[in-house]
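S.K.: what shape does this take:
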Amino acid sequence: MVILRSIAFSLAFYLATTLIAVFGLPALVSRRAVIRLAQGWANVTLWLLRVIGGVVVEFRGLSNIPEGPALVAAKHQSALETLALVTVFPDFAYILKRELLWIPLIGWYLSRSGMVAIDRSKGTRAMAAMNEAAAAVIRDGRQLIIFPEGTRRPPGAPPAYKLGLTHLYATLGVPCLPVALDTGLYWPRRSLLRRPGTTVIEFLAPIPPGLDRARFLDTVQSRIEGASDALLAAGRADLNARGHAVPVPMRDAPTP
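M.R.: Numbers count the residues shown, from 1 in each chain. Take a look at the predicted model:
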């Protein structure tokens, strides 16, 4: 039954995404219109996920979100948080790889919405370009979302934070909002499976600007990893009680 529901959700998701992308083309007239369209698409997807896939997304710590511009550092386990975070922030921008702009239709929306696209082939020049684009996002009062590890990681995998986050924190001078989650248990990466249950995205206490880089990295990593580990433990217990066994990565596996 879980497999059938997962397939049904995927079909409904791709159909809804295609229809919204095609009929939403008039939104390309303005950046804000594209942002609103993206939020509508994300809400539709979360509704389909709940109704068809049986997966409910619970947001915690919403009161921790600071007013105005902010640097949002989120754990990345699944495609789910990419779209779920869209529904929370009023004027968001993602840091993403330039290749995503080449996707038909979707790339048009990403370009028009003012995302920060990075050409990783340019090395140090890419960092300068990212700084300029990120600073423009912050000047506009927007929320800049970055996945510090750069790519999706299996739930419980050892952290692999990259230097881009600390560089942006030191450069932008705005609060950093850490985000913990357990989405990879319910929407695993590289898998069609959607495990029914309640997944949690938790906004932690913001880190004020002004810390030195080493102290900031230690603070943000310990907060995100500690909170995510707690959510993963609760999520695994919930899924096990429902009869859905979840593999345990090496970091979380009990020692013999």
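
S.K.: backbone phi and psi for the closest residue to residue 211 other than its chain neighbours, please?
M.R.: Excluding the flanking residues, the one nearest residue 211 by Cβ to Cβ, 6 or more residues apart in numbering is residue 219, at 6.8 Å. Every C-beta, even on glycine, is put in place using the N, C-alpha and C of the backbone. Dihedral angles of residue 219 (phi, psi; degrees, to the nearest 10) stand at phi -70, psi -50.

S.K.: for residue 177, same thing?
M.R.: Dihedral angles (degrees, to the nearest 10) for residue 177: phi -100, psi 110.

S.K.: returning to that earlier point: burial measure for the residue nearest to residue 211, as a count.
M.R.: 14 (other Cβ atoms under 10 Å).

S.K.: how much space separates it from residue 68?
M.R.: Distance, residue 219 to residue 68, by Cβ to Cβ, to the nearest Å: 21 Å.

S.K.: residue 90 too?
M.R.: 10 Å.

S.K.: before we move on, what about residue 52?
M.R.: For residue 52, the distance to residue 68 - Cβ to Cβ - is 37 Å.

S.K.: give me the more crowded residue out of those two.
M.R.: residue 52 (19 against 10).

S.K.: which ones are touching the closest residue to that one other than its chain neighbours?
M.R.: Distance criterion Cβ to Cβ, 6+ apart; nearest residue to residue 52, sequence neighbours excluded, is residue 9 at 4.3 Å. Residue 9 makes contact with 48-49, 52-53, 194 under the criterion Cβ atoms under 8 Å, 6 or more residues apart in numbering.

S.K.: distance check, residue 9 against residue 199.
M.R.: 14 Å.

S.K.: next up, the contacts around the closest residue to residue 146 other than its chain neighbours.
M.R.: Spatially, and ignoring its direct neighbours in sequence, residue 146 is nearest to residue 95 (4.7 Å; Cβ to Cβ, 6+ apart). Neighbouring residues of residue 95 by Cβ under 8 Å, 6+ apart: 115-116, 118, 130, 134, 144-147, 164.

S.K.: what comes up buried for the helix or strand harbouring residue 95?
M.R.: For residue 95, the host element (DSSP states H and E) is strand 92-97. Within strand 92-97, the residues scored as buried using 16 or more other Cβ atoms under 10 Å are 92-96.

S.K.: what's the answer for stretch 114-131, then?
M.R.: 114-118, 126-127, 129-130.

S.K.: and that stretch, average pLDDT?
M.R.: Looking at stretch 114-131 alone, the average pLDDT works out to 80.

S.K.: what sits up against that stretch?
M.R.: So stretch 114-131 is in contact with 31, 93-98, 100-101, 110-111, 133-134, 137, 140, 142, 144, 164, 167-168, 171, going by Cβ under 8 Å, 6+ apart.
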